[in-house]
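Participant: give me coordinates for this.
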Amino acid sequence: MKNQILYEDNHLIAINKLARDIVQKDSSGDESLLDKVKEYIKVKYSKPGEVFLGVIHRIDRPVGGVVIFAKTSKALKRMNKLFQDKEIEKTYWTVIEHKPPFEEGDLINWLKKNQEKNKSRAYSKQVKG
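Facilitator: Model prediction:
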């Protein structure tokens, strides 16, 4: 967990979320990033009992990027207001292996969700379901 922490102060903690991580618990039963960060805070600061950690925003499981959590309820309220008022700008980047053969156009994929694992997969051709 320590190598995923990008920033931390008394109010916020920014985490480099790996593409396979989920931000919050879901039906898959996999450990969430929220739980991992709570455990990190509990151990680092020797906190007894339940650790408060607010989810400010999420990004999808297959996506890697920065996720910011609030370490206090006051920080959560303030950050939620910034997102609500669109004072925080999100930037999405993609990394590809090879340069596409065209300068612009549409990329079309079909998504199929595995309900049991709560995961989706992209296909270049239409598939059943």
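Participant: what about Leu12, neighbour count?
Facilitator: Per other C-beta atoms under 10 Å, the neighbour tally for Leu12 reads 18. C-betas here are computed from N, CA, C, even on glycine.
Participant: all helices of this structure, in order?
Facilitator: Secondary structure of the chain, counting by DSSP state H: helices at 33-44, 73-84.
Participant: helices or strands up against the last one?
Facilitator: If you count contacts as 3 or more C-beta pairs under 8 Å, 6 or more residues apart in numbering; DSSP states H and E, helix 73-84 packs onto strand 54-55, strand 65-70.
Participant: the first one too?
Facilitator: Using 3+ C-beta pairs under 8 Å, 6+ apart as the contact criterion, the elements in contact with helix 33-44 are strand 12-17, strand 65-70.
Participant: just for the chain, where's the confidence low?
Facilitator: Along the chain, no part satisfies pLDDT under 70.
Participant: dump the helices and strands packed on helix 33-44 into a markdown table; add distance to Asn114 as well.
Facilitator: Listed next are those as a markdown table, based on distance: least, C-beta to C-beta, whole Å:
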| stretch | distance to Asn114 |
| --- | --- |
| strand 12-17 | 21 |
| strand 65-70 | 23 |
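Participant: run through the bridge partners of Lys113.
Facilitator: Beta bridges link Lys113 to Ser120 when assigned by DSSP bridges.
Participant: so which of the helices and strands packed on helix 33-44 gets nearest Val95?
Facilitator: With C-beta to C-beta as the criterion, Val95 lies closest to strand 65-70 of these, at 11.1 Å.
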